[in-house]
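>>> 3D, please:
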Amino acid sequence: MGIFDKIFGKTKSEEEIKIEEKQLNEGLEKTKQGFFSKISKAVAGKSTVDIEFLDELEEILISSDVGLSTTIKIIDRLEARVSRDKYLNTNELNKILKDEIGNILAENNTVDLLNFAPNTDKKPHVIMVVGVNGVGKTTTIGKLAYQLKKEGKEVLLGAADTFRAAAVDQLTIWSERVGVPIVKQAMGSDPAAVAFDTVQSGIAKNADVVIIDTAGRLHNKQGLMDELSKIKKVMSKLIPDAPHEVLLVLDASTGQNALEQAKHFSAATQVTALALTKLDGTAKGGVVLSIADEFKIPIKYIGLGEKMEQLQVFNRKVFIETLFE
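A predicted model of the protein is given here:
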């Protein structure tokens, strides 16, 4: 029995488990080859952790976009563990690394999810999705809508990115593919008005989840950040604590640039969860650790490809086991 079976066995079918396990293995293949193959070579034949190895490990972590501060933290913890546990061989070193990487992911408030449906009695559960253009924001919304519908939830989409006709068109295509309704207005309409109408419609339709797309212009434009605040304020007139979730979508393949985006959006709005896309296209999956360590914001979803089914809830135990296989 694998780690997927142990964790998801009661909530997913055997076929679903096999598909997700395959997706994650394939999606993390580049990171595993770039990161862990280098570590294996670095520790080969060593019976102790010396300065030479630590320098090499630092270089491997940084080149995988783990980030300097997180890299230093891992190495400091590694040294402390080695001095206490008396490292003897490669397997033991891998176990120590695995433990410390797991600790960093555990410290960012991530809750290991078993499914996509929000664990709440509030209807509708309102999710506002933010992020710059090109990170896969609209695609992530479509995939999330698909997964929620598959779990039996009534979903409503809101096309509040009214600055780009392509954004509204793309979300409309996703709504048709998934088979969920969408609220939209003419290009150039007030995004806050679209969000208001979407939440109002969600209440009327007794929807389980309302997902609001927002404009993705560059994160250093103050106007965009002011707009996000306005959207939140307008929705709260209908549901006082809406949005219940602000989901920031980041492209993992951009490495440290994703970290910069997270800084700007976290400063401008109360980001409550992260979705990391395009993990399948990068060897720099170490940015997951860097983001987790710096922001303490839960990672909720990971994107492993373009297909509708290739979005998974983030489960750190499964993620780490897959990395270290």
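
>>> Would you mind giving the secondary structure of residue 128?
Following DSSP: H, G, I helix; E, B strand; the rest coil, we place residue 128 in the strand state.

>>> Now do the same contact list for the closest residue to it other than its chain neighbours.
Excluding the flanking residues, the one nearest residue 128 by CB to CB, 6 or more residues apart in numbering is residue 243, at 4.0 Å. Backbone N, C-alpha and C define where each C-beta goes, glycine included. Residues in contact with residue 243 (CB atoms under 8 Å, 6 or more residues apart in numbering) are 126-128, 212, 232, 235.

>>> export these to a markdown table and tack on distance to residue 275, neighbour count and pLDDT?
Formatted as a markdown table, the contacts of residue 243 follow (distance: CB to CB, whole Å; neighbours: other CB atoms under 10 Å; pLDDT from 0 to 100):
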| residue | distance to residue 275 | neighbour count | pLDDT |
| --- | --- | --- | --- |
| 126 | 16 | 29 | 97 |
| 127 | 10 | 24 | 96 |
| 128 | 13 | 27 | 96 |
| 212 | 14 | 30 | 97 |
| 232 | 18 | 19 | 90 |
| 235 | 20 | 26 | 95 |
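
>>> Among these, which one sits closest to residue 304?
residue 127 (20.3 Å; CB to CB).

>>> so that closest one touches residue 212, yeah?
Yes - counting by CB atoms under 8 Å, residue 127 touches residue 212, with 6.9 Å between them.

>>> what about the protein, any weak spots by pLDDT?
The chain contains residues with pLDDT under 70 at 1-12, 36, 45-47, 85-90, 109-112, 217-222, 224, 282-284.

>>> what residues go with each domain of it?
The record, using automatic domain parsing to delimit domains, assigns the chain the ranges 11-106, 125-314.

>>> of these, which approaches residue 322 most closely?
Residue 322 lies closest to domain 11-106 among these, at 5.1 Å (CB to CB).

>>> mind listing the strands for the chain?
For the chain, the strands defined by DSSP state E occupy 125-130, 155-159, 182-183, 209-213, 245-251, 273-277, 299-303, 311-313.

>>> Redo those strands as TSV? Include distance to residue 143.
As requested, those are exported to TSV (distance: least, CB to CB, whole Å):
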stretch	distance to residue 143
strand 125-130	11
strand 155-159	12
strand 182-183	15
strand 209-213	11
strand 245-251	11
strand 273-277	9
strand 299-303	7
strand 311-313	4
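
>>> Of those, flag the one that's most buried.
Among the strands of the chain, strand 209-213 has the highest mean neighbour count (mean count of other CB atoms under 10 Å), at a mean of 29.

>>> Tell me which residues are up against that one.
Strand 209-213 is contacted by residues 117-118, 124-129, 137-138, 141, 144-145, 148, 153-161, 167, 171, 194-195, 198-199, 202, 231, 235, 243 when judged by CB under 8 Å, 6+ apart.
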